[in-house]
Every structure is written in C-alpha cells, then in structure tokens.
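In: Provide a 3D model corresponding to the input given below.
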Amino acid sequence: MTAVNDVTATAHALGASRTFWELIEARAALTPDRPVLLQGDRSLTFGELRDRSERVAAGLYGMGVRAGTVVAWQLPTRLETALLSFALARLGAVQTPVIPFYRDREVRFALRESGAAFFAVPGVWRGFDHAEMAERIAAELPDPPQIFEAYEDLSLPDGDPAVLPPPPEASSGDEVRWIYWTSGTTSDPKGVLHTDRSLIAGGSCLAHALKLTADDVGSMAFPYAHVAGPDYTVMLLLYGFPAVLFEQFALPDALDEYRRHGVTVAGGSTAFYAMFLAEQRKEPGRPLIPSLRLLAGGGAPKPPEVYHAVVREMRVQLTHGYGMTEVPMITMGAPDDTTENLATTEGRPPPGMEIRITDEQGKPLPYGMEGEVRLRGEAVCRGYLDAGASAAAFDGDGFLITGDLGRVQESGHLTLTGRLKDIIIRKGENISAKEIEDLLHTHPAVADAAVIGLPDTERGERVCAVVERVPGAPAPTLPELAAHLRGAGLSVHKVPEQLEVLDALPRNETLRKVLKYRLRERFGGGA
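Out: Prediction:
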C-alpha cells in the first residue's frame, strides 16, 4: 500500500469517530507533533490542540460548565477560538457559535432562544465593543448568561485536567451538541440543531472528495463560527495536515500569509474565487500563490465561466460543492472529475447522502428532470430549535426540503438550477435567475451578477439584472447586455427589462453571498 493510500485508509478509519473529542484524541495519538493550525508566527500541533483544550475545559468546568450546558460564543477566527470550541466538545457542552459580525438583533435572538448559560466574546474587536453589547443584551434577558472574554490566550479559562470527568461516550455523538444560526436576512434566524456525528459526516464528505494528502496546507478565510468551521477542521483531523487561519481576510493583504506558509488549497466560495482571479489579473504571467494547486469551496452557485477562468488564468484546479447550514456538505466536485462536470455541476454526494428530486407535490422525478432538491443522510441536521419549523422542514419520508432546484445525472452529479424563491414569473412563464446570471458572467465588463424579479403591473414580474462591473471597465448598457444574452442563446422572453450597475453587490460577511433581499428593497420597494 502506498503512502497516499495509507493516509486515505487512516482518514476513513478516523471518520468513523462518533464525537469530536474522540476524533481529536485519535489524531493527536497518531501525529502529535505535526502542526494543525497556523496563524502569523503562532501555531498549534495536534498534540497541543488536545492538551491545551483539556486545560481550557478544566477552566470551564471550574466556572460551572457541564455536559449539556449551553455556551454561546461570538469569536473571530483565531487559535483561541478553536481551543475553546474543542474544550466545550471535551465537556460535552452544547455550543452555539455566533458570527462575529452579527449585532444586537441576531445576538439577542440567539441568546434568548438557545437559553445560553455562558457567552464568550472577544471584547473590543475591529473597533466594536462586543463585551458592552453582550452586557446590554444580557440585562434585557430573564435568565442572562455569564459573560467572559476569550480573545487572548491568557484570557481563556484554565485549570488542571485532573478535575475533569471522563470524556463524552461515543453514544453521545448522536446528541444535539451544536446550534448554528441561519442568516436571518429577512426574518428571525433559525437555530439549526447538529450532533457531533452529523458534522463529522459533513467534514468527511469534503475531505474524501478533495483527495488531499498529509503534505497539503489548507486555509480558513471564513469565520470559524460558520458551520464550515467544524467542516474544515474535521478535514484537518482526518488527513493530518495544517491550515492557515485568517482573522481578517482581504486581498491583496492576505497573500503574504498564503505564500509564507505554502498554502496548497484555498477558496471558500464563488466570491473568493473572483477575488483571487482579480489579483491574478494584475500580474498575469506570475503565479499568484506558487504553492497553490486547488481552489475549493461552496456556499453559493458557481457560474461555469468562473471555473474556466480559474483553470485558464491561475493554472490551478477548481472544485465546487453544495452545502448549507442544515447540511454542511451535500456534494463536492473531485479534482479528477471531467472538465464538464467540474464546470457545470456541484459534484456528487458521498455514500450515505440521498438526493431526491421532486415535483411540486413531492413526487420523485427521474434522472435529468428539474425539480426541488430534498436530502436525507447522516450529515443532515436534526431539525430546528423551533418545533414548528422542524415539522415543516421534513417530508413524510424524512427528507429535508431545501427550496433549491436542480437535476441529477445518472452518474450522480447534481446541477443546481436556482431556488424556488428565485424563480421569476413573467407573464405566466417561469424564468430561472441562475440561467441568466451564468450568461451575464461571460460578458467581459461583468464581475458578478444577480438577477431578481420586481413587481410589474403589466407582466406580474419583470426581470432585473443587477451587475457588479469589472473595476476600470465602462459600465455596460441594457441594450449591450441584452444583445450579449440573445447572442448566447437566451430566449427573448428571459432577457432583462431593467439593468442596474453597481461598483459592489451587497454581500454577507461569511461566505460573501449576494444579499438579493437588499437589491429587491433598493430597486423594487422591498418586494
């Protein structure tokens, strides 16, 4: 058996772990001195991650944290955040990460709905006083959490691991230990319930699909508090390689860290690919990151033109996947897949993930037909904090109803074609926003595009294209883009009737998804 096969076999064996703590103990026993997390001049080995997490766990235990205690944390992507998270896993606590960019409304909702007994914050971070916000919100709650700071190493709780009870038993891997929050862009967020096992299953899918090795160096440019945080960390533990953490990600500033640590795998989402491409185009003849061989990510649709541009101009492979807070990894492209599938699909699901395409009544459809995507498998969440939302989210066969539209090939490859709410109904005809967006990406003046439906008294809805222009390029006109779309084969009734050009599309702060609700509010009166 080759060394690569040895690593793969070990990774598959570790993937059978039931709890996060079981997984970190197994990896630390195998490669205690190999680095796992890199940040500036600081680093943690697998052994240090295990040992220091136990000391933090002992400190938390001394504060009163026990198995089942709900602990919220709103912390940036730092070594200390990983230590706190693993310490909570060591205790079997229920942790509810909160994205650092969230403010009063979302934080208040998360603390109240989860019933958090403790809340870890970074103090003042990026000019905002999180501690003051936490105290202000806590004063409004009937059962306020105990607030503590956990930004610097010395601020982390600390204690003697000898006081700790035994680690969580393997059977507890199926108990809810994580509460993640949907974005809540147009209404209150939903608390998504995960187990250790569901997150390990999602991370295993990502790891095995990318075919990584112990010699790779990854990178985490998104918030550790995002559900992608444990997803990515599981991958590091399975294959025994490190990742560079970025507390604040911006290009070109972050490039020095990528080059310094020899990052081989980067990405995050489609917006990240676009940012790397923009930097590459400043010096077309020079590799942007000489060690880089793969861009990978998910979280938002990937137009085929973005794939081809990355491969052509950056000379690296790009693999894209499909995931959501409820199911962190559903499908993933594999680096050795065909060019056609890598460009036009979200890859294939791993063993154990069932994808069902249904019609409007929930009836399964055959291969190749477009319908709603429904999911069932070990990586699927256990539901929501709100029992009513949970009941509505699953069908009678136990499949999660995603609201996404797509079709599956006989090979198992999934192509997403849009979202139900992104279907524009113009004069009774259904129009897919994604189809138009993919074609707009092929125009040289368009850096990114979002297509929305706006109220129209004559048509019901009219098609509005909102484009982010390439820096320095002249703003495209509606006749120009309409001609481009017709030349690309788009049916006449799908061509946008309205064009808005922006320097930057509004995005969230996690995986940089475009916030279409803001565009509807701005250009359609909130419809």
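
In: who's in contact with Val96?
Out: Careful, residue 96 is Thr and not Val. By Cβ atoms under 8 Å, 6 or more residues apart in numbering, the contact set of Thr96 is Val70, Val71, Ala72, Trp73, Ala110, Ser114, Ala116, Trp178, Ile179, Tyr180, Trp181, Gly191. For the C-beta atoms, the positions are set from N, CA and C on the backbone; glycine is no exception.

In: Quick check, the last one in contact with Ser114.
Out: Yep, that's Gly191 we're talking about. Yes - with contact defined as Cβ atoms under 8 Å, Gly191 reaches Ser114; the gap is 6.3 Å.

In: overlap in contacts of these two?
Out: With Cβ under 8 Å, 6+ apart as the test, Gly191 and Ser114 both reach Thr96, Ile179, Leu385.

In: Among those, which are located in helices?
Out: When DSSP state H defines the helices, the subset of the shared contacts of Gly191 and Ser114 inside them is empty.

In: Please identify which of those residues is nearest to Met275.
Out: Set against Met275, the nearest of the shared contacts of Gly191 and Ser114 by Cβ to Cβ is Thr96 (29.7 Å).

In: What's opposite the closest one in the beta bridge?
Out: In this entry, Thr96 is beta-bridged to Ala72, by DSSP bridges.

In: any idea how far it is from Leu342?
Out: Between Thr96 and Leu342 the distance is 35 Å, computed by Cβ to Cβ, to the nearest Å.

In: any chance you could map the helices in the stretch 201-350 of the chain?
Out: 228-239, 255-261, 270-280, 304-309, 339-344 (DSSP state H, counting those that start in this stretch).

In: from those, which stretch is densest packed?
Out: helix 228-239 (a mean of 25; mean count of other Cβ atoms under 10 Å).

In: Who are the packing partners of that one?
Out: The contact analysis (3 or more Cβ pairs under 8 Å, 6 or more residues apart in numbering; DSSP states H and E) places helix 228-239 against helix 3-14, helix 20-30, strand 35-39, helix 79-91, helix 196-210, strand 218-220, strand 327-332.

In: out of these, which comes closest to Ala482?
Out: It is, among the helices and strands packed on helix 228-239 and with distance given as Cβ to Cβ, strand 327-332, at 33.7 Å.

In: Give me the distance from the closest one to the chain's centre.
Out: 10 Å (Cα atoms, centre = their mean, to the nearest Å).

In: So which residues make contact with that strand?
Out: Contacts of strand 327-332 (Cβ under 8 Å, 6+ apart): 199, 202-203, 205-206, 209-210, 227-228, 230-231, 296, 298, 319-324, 345-350, 353, 355, 375, 377, 379-381, 400, 413-414.

In: Try it again at 6 Å.
Out: For strand 327-332, contacts defined as Cβ atoms under 6 Å, 6 or more residues apart in numbering pick out 202, 205-206, 209, 227, 231, 321-323, 346-349, 375, 379-380, 414.

In: Filter those residues down to just the ones in strands.
Out: Among the contacts of strand 327-332, the subset assigned to strands under DSSP state E consists of Gly321, Tyr322, Gly323, Leu375, Leu414.

In: Against Met332, how distant is the third one?
Out: Note on Gly323: its distance to Met332, by Cβ to Cβ, is 8 Å.

In: how near is Thr233 to Thr264?
Out: 17 Å.

In: which residue lies farthest from the center of the protein?
Out: Ranked by distance from the centre of the chain (Cα atoms, centre = their mean), the top residue is Glu458, with 39.3 Å.

In: And the pLDDT for that residue?
Out: We have a pLDDT of 75 for Glu458.

In: got the helices of the stretch 201-350 of the chain as a markdown table, with mean pLDDT and distance to Ala449 columns?
Out: Converted to a markdown table, the helices of the stretch 201-350 of the chain look like this (pLDDT from 0 to 100; distance: least, Cβ to Cβ, whole Å):
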| stretch | mean pLDDT | distance to Ala449 |
| --- | --- | --- |
| helix 228-239 | 94 | 24 |
| helix 255-261 | 97 | 26 |
| helix 270-280 | 91 | 11 |
| helix 304-309 | 92 | 11 |
| helix 339-344 | 95 | 17 |
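
In: need the contact list for Leu238.
Out: Ala11, Leu14, Gly15, Ala207.

In: which of the residues you listed tops the neighbour count?
Out: The most crowded member of the contacts of Leu238, judged by other Cβ atoms under 10 Å, is Ala207 (26 neighbours).

In: Test my guess that that one contacts Met235.
Out: Yes - with contact defined as Cβ atoms under 6 Å, Ala207 and Met235 form a contacting pair (3.9 Å).

In: Show me how this protein divides into domains.
Out: Using automatic domain parsing, the domains assigned to the chain come out as 18-198, 250-419, 427-524.

In: nearest to Val217, of those domains?
Out: Using Cβ to Cβ, those put domain 250-419 closest to Val217, at 5.0 Å.

In: Quick one: residues contacting the residue nearest the centre of the chain.
Out: Per Cα atoms, centre = their mean, the C-alpha nearest to the average position across the chain is that of Ala228, at 4.3 Å. The contact partners of Ala228, by Cβ under 6 Å, 6+ apart, come to Phe222.

In: If we ignore the residues flanking it in sequence, what's nearest Ala138?
Out: The spatially closest residue to Ala138, leaving aside those adjacent along the chain, is Pro144, at 3.7 Å (Cβ to Cβ, 6 or more residues apart in numbering).

In: and if you look at Gly203?
Out: The shortest distance from Gly203 to any non-neighbouring residue, by Cβ to Cβ, 6+ apart, is to Val234 (2.5 Å).

In: ok, now how distant is the one you found from Asp395?
Out: Distance from Val234 to Asp395, by Cβ to Cβ: 28 Å.

In: How about Phe46?
Out: 41 Å.

In: How many residues are close by the closest residue to Ser171 other than its chain neighbours?
Out: With Cβ to Cβ, 6+ apart as the criterion, Ser171 has its nearest non-adjacent residue at 7.2 Å, and that residue is Arg18. Neighbourhood size, Arg18 [other Cβ under 10 Å]: 18.
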